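Engineer: this one's structure only:
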């Protein structure tokens, strides 16, 4: 959609953006917070947007939490957000299975954390694996047959800080040996701000590991895949051109917004630096960019 | 080299093969053994080949052991093999660093097992990580900065049954943040017969995980890369056309042999089935194929 260079958000263009947009879709990591630390000025900015009647939606590729866990995290940081406003890739995985009518008698094996398990269970599915398998070990011994559940019909892979060989073998066996078993990735982010000071391997790391052992490619449900946006559009009755995706990543957030025909605003408070944005090798240009979300508020001040 | 269909090894052609070959290069997993179980008839076949004056070389992508550990494994299975006859991908990683004059004051971080550490140390390098980091955990907490050694100049990734998030973060940080840090893969086998009854995720799984988090591609030193064969050819003064690579994998063993201009023999005692070999989608055809190594002995019997 946008091949012209990104414009710096300014006192001149911020009003035009705010006036023409009905809903702001926010990424969370690197936009709202870094790890467990809120980014400066976020609560005031969200308050200003709500007071102007803007709809707010929070779209995160981080699958470690469920929507309800995210609502609690927002609350603990002093921001009131309802579950309905949250679209996490953990929820997207559950919604994907629901939309394709994944049979209820089949099970889902999870390489990932609590958020995926919770969303799957809320959607009525039987989930195995996840944190429970984090302390299990695989024994490479003679005559040892690693047993797996033949009724697993989907393996969902997301960020998993308790990744181990047991889970890798379990997921690999299901995908290789259970006929028709789906391989679903919550997202493929290479790294993310799992803590405020540092980037850590993201779901892209665990997903690639399973690609490596199964030699298969996953169905991706998080950003920048269209699935999440289509689901979101069905839920809210707003024209794409009146929505603005605000994110810190070119390859997920901005691409996600552009793929859907949304307006886009890149913030430099997360993984993308200005030099990466301006580098000639970068082909993804947002419509606007700014240092952080609260610039919207600052720029409106007379 | 070979695009014509593989010939079944037979009483008619086995003599021609044996007469024209001076050295047999054997893969180990799925050829000599499965996990810790010897495949039937292997000792007698190796004995017959040695008695005919053939040179034997064992070339394995499994990096979990060093050459000395492999020699012990052979001995424990009743086969006498010297370290000089063994070329493991753990050794290949150390030889690669030696050949490129990797500075001795730089360190090597290992995602892998004891074999890589041993070979690196034997070659005079300082290695970090490996089994020692298998029980370490990464804490995703605010203000937690994961420290890594800035003098790490290479990350070597191989099969690691103790893979965890700590190691993934350590390797990722070195590759992303230490200027010029090399990313070396012992091999990229998707799966392997780590036990006799079952296939398990191979080094390709761990290597892909690091590709996923770093978005970089590794230098591969094991099969089917040319590095190992070039090293091997420098060591033995035998023309490639007088060497026969015997293996159970099309994408590593047979390709490795063909890339170098060797004769090739596929055995069906490991990961490749006859239907995979004969499938029209398979483009890699060995010169010969047979069910197992000891068929060579059986077919010679009058």
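Structural biologist: All right, it came through fine. Predicted model only: the values in this text are computed from it and were never measured. Residues are numbered from 1 along each chain as shown, chains lettered A, B, ... in the order given.

Engineer: burial count for residue A:88?
Structural biologist: 29 (other Cβ atoms under 10 Å in any protein chain shown). (Glycine included, C-beta is placed from N, CA and C.)

Engineer: Would you check that it makes contact with residue A:71?
Structural biologist: No. Using Cβ atoms under 8 Å, residue A:88 is not in contact with residue A:71, being 10.4 Å away.

Engineer: Now residue A:56: which helix or strand?
Structural biologist: Take DSSP states H and E as the rule and residue A:56 turns out to sit in strand A:55-60.

Engineer: how about that strand against chain B, any contact?
Structural biologist: No. Against chain B, strand A:55-60 shows no contacts by Cβ under 8 Å from any Cβ of the partner chain, the least distance being 15.4 Å.

Engineer: So which residues make contact with the following helix or strand past that strand?
Structural biologist: The helix or strand immediately downstream of strand A:55-60 is helix A:67-76, counting by DSSP H and E. If you take Cβ atoms under 8 Å, 6 or more residues apart in numbering or on different chains as the criterion, helix A:67-76 is touched by A:28, A:36, A:58, A:60, A:65, A:80-83, A:86-88, A:90-91, A:114-115, A:118-119.

Engineer: Quick check: closest non-adjacent residue to residue A:175.
Structural biologist: Excluding the flanking residues, the one nearest residue A:175 by Cβ to Cβ, 6 or more residues apart in numbering or on different chains is residue A:214, at 4.7 Å.

Engineer: The one you found and residue A:183 touch, don't they?
Structural biologist: Yes. Using Cβ under 8 Å, residue A:214 is in contact with residue A:183, at 6.7 Å.

Engineer: on that earlier part again, neighbours of the residue nearest to residue A:175, how many?
Structural biologist: Residues near residue A:214, counting by other Cβ under 10 Å: 24.

Engineer: what sits against residue A:240?
Structural biologist: Applying Cβ under 8 Å, 6+ apart, we find residue A:240 in contact with A:233, A:260-262.

Engineer: separation between it and residue B:210?
Structural biologist: Distance of residue A:240 to residue B:210, given as Cβ to Cβ, to the nearest Å: 37 Å.

Engineer: for chain A, which spans come out with low pLDDT?
Structural biologist: Scanning chain A for pLDDT under 70 picks out A:1-3.

Engineer: Kindly report the domain assignment for it.
Structural biologist: A:7-61+A:223-300, A:93-220 (automatic domain parsing).

Engineer: With respect to burial, which of those scores highest?
Structural biologist: Scoring the domains of chain A by mean neighbour count under mean count of other Cβ atoms under 10 Å in any protein chain shown gives domain A:93-220 as the most buried, with a mean of 21.

Engineer: first to last residue in that one, what's the distance?
Structural biologist: With Cα to Cα, to the nearest Å as the measure, domain A:93-220 spans 9 Å from end to end.

Engineer: Could I get the contacting residues of the residue nearest to residue A:157 when sequence neighbours are not counted?
Structural biologist: Nearest residue to residue A:157, sequence neighbours excluded (Cβ to Cβ, 6+ apart): residue A:111, at 4.6 Å. Each residue near residue A:111 by Cβ under 8 Å, 6+ apart is listed here: A:129-130, A:155-158, A:160, A:163, A:167-168, A:170-171, A:206, A:210.

Engineer: Tell me which entries of those residues lie within helices.
Structural biologist: Among those, the ones falling in helices (DSSP state H) are A:167-168, A:170-171, A:206, A:210.

Engineer: Most widely separated two among those?
Structural biologist: Spatially, the most separated pair among those is A:170 and A:206, at 12.7 Å (Cβ to Cβ).

Engineer: List the contacts of residue A:108.
Structural biologist: For residue A:108, the contact set (Cβ under 8 Å, 6+ apart) comprises A:97, A:102, A:120, A:125-128, A:152-156.

Engineer: ditto for residue A:264
Structural biologist: A:2, A:244-247, A:253-254, A:257-258, A:286-288.

Engineer: 7 Å instead?
Structural biologist: Shown in contact with residue A:264 (Cβ atoms under 7 Å, 6 or more residues apart in numbering or on different chains): A:2, A:244-245, A:254, A:257-258, A:286-287.

Engineer: Quick check, residue A:215 in contact with residue B:191.
Structural biologist: No. With contact defined as Cβ atoms under 7 Å, residue A:215 does not count as touching residue B:191 (8.9 Å).

Engineer: Spell out, range by range, the strands that occur in the stretch 1-150 of chain A.
Structural biologist: Listed in chain order, the strands of the stretch 1-150 of chain A (DSSP state E, counting those that start in this stretch) span A:7-8, A:23-26, A:33-34, A:37-38, A:55-60, A:86-88, A:107-111, A:126-129.

Engineer: nearest residue to the most centrally placed residue in chain A other than its sequence neighbours?
Structural biologist: Nearest to the mean C-alpha position of chain A, by Cα atoms, centre = their mean, lies residue A:61 at 0.9 Å. Leaving aside its chain neighbours, residue A:61 sits nearest to residue A:187 (3.8 Å; criterion: Cβ to Cβ, 6+ apart).

Engineer: mind checking the SS state of that neighbour?
Structural biologist: Secondary structure for residue A:187, judged by DSSP: H, G, I helix; E, B strand; the rest coil, is coil.

Engineer: Pretty sure it sits against residue A:220.
Structural biologist: Yes. In this structure, residue A:187 is within contact of residue A:220 by Cβ under 7 Å, at 6.5 Å.

Engineer: was I right about residue A:172 contacting residue A:213?
Structural biologist: Yes. If you go by Cβ under 7 Å, residue A:172 and residue A:213 touch, sitting 4.4 Å apart.

Engineer: what do these two both touch?
Structural biologist: Joint contacts of residue A:172 and residue A:213 (Cβ under 7 Å, 6+ apart) are residue B:201.

Engineer: how about the contacts of residue A:108 in a markdown table, adding distance to chain B?
Structural biologist: Output for the contacts of residue A:108, formatted as a markdown table (distance: Cβ to the nearest Cβ, whole Å):
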| residue | distance to chain B |
| --- | --- |
| A:97 | 23 |
| A:102 | 25 |
| A:120 | 22 |
| A:125 | 25 |
| A:126 | 24 |
| A:127 | 21 |
| A:128 | 18 |
| A:152 | 16 |
| A:153 | 21 |
| A:154 | 19 |
| A:155 | 13 |
| A:156 | 16 |
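
Engineer: okay, how far is it across stretch A:282-301, tip to tip?
Structural biologist: 33 Å.

Engineer: how about the helices in the stretch 151-300 of chain A?
Structural biologist: Assigned by DSSP state H, counting those that start in this stretch, the stretch 151-300 of chain A shows helices spanning A:165-177, A:203-214, A:226-235, A:255-259, A:274-278, A:295-300.

Engineer: what distance separates the fifth one from the middle of the whole chain?
Structural biologist: Spelled out, it's helix A:274-278. 22 Å (Cα atoms, centre = their mean, to the nearest Å).

Engineer: can you tell me if it touches chain B.
Structural biologist: No. Contact of helix A:274-278 with chain B (Cβ under 7 Å from any Cβ of the partner chain) is absent, the minimum separation being 12.6 Å.

Engineer: Please list the residues of the stretch 101-250 of chain A that sit near chain B.
Structural biologist: A:138, A:140-146, A:161-165, A:168-169, A:172, A:190-191, A:194-198, A:200-202, A:204-209, A:211-213, A:215.

Engineer: joint contacts of residue A:214 and residue A:183?
Structural biologist: Joint contacts of residue A:214 and residue A:183 (Cβ under 7 Å, 6+ apart) are residue A:175.
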